[in-house]
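*Asks:* Pasting a predicted model and its sequence here:
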Amino acid sequence: MTDTAPFALLKRNPDVLTCIANLSNDEVFTPPEFAQRMLDTLAEGWASANDGANIWADRSITFLDPCTKSGVFLREIAKRLIDGLADEIPDLQTRVDHILTNQVFGIGITQLTALLARRSLYCSKWANGEHSIATGFDDEDGNVWFERTKHDWEGDKCRFCGATSHNLDRGDASETYAYPFIHTDDPATLCAKIAGAHMQFDVIIGNPPYQLSDASESASASPIYQKFIEQSMMLEPRYLSMVVPSRWFGGGKGLDEFRAKMLKDQRLQTIVDYILDKDAFPKVNVNGGLNYFLWGRDHVGDCTIVTVEPGGLVGDPATRPLDEFDVLVRRNGAVPILRKVLAKGGPTFDRRVSSRKPFGLPTNFFGADSKSATRTVKLYSSGRTTWVKPSEVRVNWELIDRWKVLIGRATDGNEKYPLPIWDQRGPFVAGPGEACTETCLVAAVASSKLEAERIAAYMRTKFFRFLVSLRKMTQDNKADVFAFVPDLAMDRIWTDAQLYNEYGLTADEQAYIDSLIRSMEAAG
């Protein structure tokens, strides 16, 4: 066999994996260029820990993608091993067979993706097919395995993934989305089944499904990628690398425990964080951006964080402890500023902010279009103002007759730079006799109109909005995103110049805030 045979197919243009359509925003195909970046980071980490050794020149190292879709990771790994092992295994066919039968393994997330991954890796949807570049397989699956798996229902919920039975308890003809790798208490036994014997994988790498598509409204779906990470760690590979949404840094439904564990895990070696989703995956919408990480079983210490700013601009790396704060502050340049603010101590603004439904009224609740003898409460609703009876307000009746500062519950999603953080209206003062639906939060309650106006002015400063941005991963506002903001005495109208001076920010630090946060006009 000559070096111009089978794997030369991979050099044809265009590469089909650069233009293949995604299954959904939850099950995203990884662009080859992005997979290559992850493999570069893996190789650098391996070399650093192994006296400069080339991971691609070691015939004993095993790789697993537990959530393969297009097969891009398996293909790119195989290509690198074919080059790296050329001296040790000179015959190309012998080298290809060794790599594909002994080193590279995958678990499809569906029957379709298993077929696609085999096509990417073996150049045939059947590992033992006549067009397969591998000659060492007796079965059709090869080392890309898939087996239809069922959810394990406990009541209405799957105990493994949390899916609801009324959405995903389907017949044999429909996809169950019961991903095999996370629907087991014993991933090691599952992997032994795939490999034909117990195998300690050296590297686990992949792009897991991001959330469970078990409902018509994606906003109600729960994240699932953390379960792939946790299962992978149970296998104790030497290295683990996955690309996932960055929402886990500071938010995400049901991710509090996962985030706490990750921030305390000193085996996290590198995080490369893409502020904008499009700079990572151009055809996918993932609010809050994406990141990939390198976890090293034998690494103990701080984590090197690299931030990729909008437009693909790669910032300077910084090595720092992940658990310095209760969330991961993604921008390295923000950390010195935040340290100065927190060093002053004192209460924080989150204690002022209301719950999601400050008056118990949902977004789609509206009153009458005009005030009447009985409808005396002015209600700020979605897109318009209406009037309701005091009795229609469900909770916090005592706040109706107080001065308040309101802010939209869902505002800018941190993707338009410089960041506005608030919508165009921003914080506004609501007087006695006024309330709101879930469309707004009560950001603060004031003792007078003057105090309310000063609070609103403080919330418009770049300083305030910058500190909010460090915790605000998506468009949603909630009390938690205000937890870095000092709750200052409202004995004056605070300006950015006064705030910068109060916290001793340098000219460079002030310029850094100015570069991220746009100016906001005062309320008219």
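*Replies:* Thanks, I have the structure now.
*Asks:* pretty sure residue 509 contacts residue 339?
*Replies:* No: under the criterion of C-beta atoms under 8 Å, residue 509 is not in contact with residue 339, lying 10.8 Å apart. Every C-beta, even on glycine, is put in place using the N, C-alpha and C of the backbone.
*Asks:* the more surrounded of those two?
*Replies:* Using other C-beta atoms under 10 Å, the more surrounded residue of residue 509 and residue 339 is residue 509, with 17 against 12.
*Asks:* If we ignore the residues flanking it in sequence, what's nearest the more buried one?
*Replies:* The shortest distance from residue 509 to any residue other than its chain neighbours is 5.2 Å, reached at residue 337 (C-beta to C-beta, 6 or more residues apart in numbering).
*Asks:* Determine the set of other helices and strands touching whatever helix or strand that neighbour lives in.
*Replies:* In this structure, residue 337 is located in helix 335-343 according to DSSP states H and E. Taking 3 or more C-beta pairs under 8 Å, 6 or more residues apart in numbering; DSSP states H and E as contact, the helices and strands that helix 335-343 lies on are helix 462-469, helix 507-516.
*Asks:* measure stretch 247-259 end to end?
*Replies:* One end of stretch 247-259 to the other measures 10 Å (C-alpha to C-alpha, to the nearest Å).
*Asks:* where's the residue nearest to residue 253 when sequence neighbours are not counted relative to residue 179, distance?
*Replies:* Leaving aside its sequence neighbours, residue 253 sits nearest to residue 222 (C-beta to C-beta, 6+ apart; 5.5 Å). Relative to residue 179, residue 222 is positioned 14 Å away (C-beta to C-beta, to the nearest Å).
*Asks:* Compare neighbour counts for the two and give me the winner.
*Replies:* Between residue 222 and residue 179, counted using other C-beta under 10 Å, the more crowded position is residue 179 (24 against 17).
*Asks:* Now do the contacts for the more buried one.
*Replies:* The neighbours of residue 179, taking C-beta atoms under 8 Å, 6 or more residues apart in numbering as the test, are 67, 109, 149, 161, 209, 224, 228.
*Asks:* Next one: the closest residue to residue 143 other than its chain neighbours from residue 502, what distance?
*Replies:* If the residues on either side of it in the chain are set aside, residue 143 comes closest to residue 105, at 4.5 Å by C-beta to C-beta, 6+ apart. When C-beta to C-beta is applied, the distance between residue 105 and residue 502 equals 57 Å.
*Asks:* Those two: which is more packed in?
*Replies:* Remark: of residue 105 and residue 502, residue 105 carries more neighbours, 24 against 15, as counted by other C-beta under 10 Å.
*Asks:* Do I have it right that that one meets residue 61?
*Replies:* No: Residue 105 is beyond contact range of residue 61, at 11.8 Å (criterion: C-beta under 8 Å).
*Asks:* buried ones in the top helix by length along the chain?
*Replies:* If you go by DSSP state H, the chain has its longest helix at helix 32-49. Of the residues in helix 32-49, those with enough neighbours to count as buried (16 or more other C-beta atoms under 10 Å) are 32, 34-39, 41-43, 45-46, 49.
*Asks:* and those as JSON lines, adding pLDDT?
*Replies:* As requested, the buried residues of helix 32-49 are arranged in JSON lines below (pLDDT from 0 to 100):
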{"residue": "32", "pLDDT": "94"}
{"residue": "34", "pLDDT": "96"}
{"residue": "35", "pLDDT": "97"}
{"residue": "36", "pLDDT": "97"}
{"residue": "37", "pLDDT": "97"}
{"residue": "38", "pLDDT": "98"}
{"residue": "39", "pLDDT": "98"}
{"residue": "41", "pLDDT": "98"}
{"residue": "42", "pLDDT": "98"}
{"residue": "43", "pLDDT": "98"}
{"residue": "45", "pLDDT": "97"}
{"residue": "46", "pLDDT": "97"}
{"residue": "49", "pLDDT": "95"}
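*Asks:* Pick the one among those closest to residue 73.
*Replies:* For residue 73, the closest of the buried residues of helix 32-49 turns out to be residue 35, at 5.4 Å, with distances computed as C-beta to C-beta.
*Asks:* That closest one: what's it in contact with?
*Replies:* Residue 35 makes contact with 72-73, 76, according to C-beta under 8 Å, 6+ apart.
*Asks:* and it, how far is that from residue 28?
*Replies:* Following C-beta to C-beta, the distance that separates residue 35 from residue 28 is 12 Å.
*Asks:* re earlier: how distant is the helix holding residue 337 from the center of its chain?
*Replies:* Shown here is helix 335-343, whose average C-alpha point lies 25 Å from the average C-alpha point of the whole chain (C-alpha atoms, centre = their mean, to the nearest Å).
*Asks:* The very next helix or strand once past that helix pairs with which strands, parallel or anti?
*Replies:* Past helix 335-343, further along toward the C-terminus, the next helix or strand under DSSP H and E is strand 377-380. Strand 377-380 has its sheet partners listed here by DSSP bridges as strand 385-388 (antiparallel), strand 434-436 (parallel).
*Asks:* ok so, going back, the longest helix of the chain: what's the following helix or strand?
*Replies:* strand 63-68.
*Asks:* Please report phi then psi for the residue nearest to residue 143.
*Replies:* Listed backbone geometry of residue 105 is phi -140, psi 150, with angles given as degrees, to the nearest 10.
*Asks:* Kindly state the pLDDT recorded for it?
*Replies:* Turning to residue 105, the model gives it a pLDDT of 96.
*Asks:* in the sheet, who's paired with it?
*Replies:* Per DSSP bridges, the residues bridged to residue 105 are residue 64.
*Asks:* Identify the residues contacting it.
*Replies:* Here residue 105 is in contact with 62-65, 74, 143-145, 191, 194-195, 199, 201 (C-beta under 8 Å, 6+ apart).
*Asks:* Equivalent analysis for residue 306, please.
*Replies:* By C-beta under 8 Å, 6+ apart, the residues touching residue 306 are 270-273, 314-315, 317.
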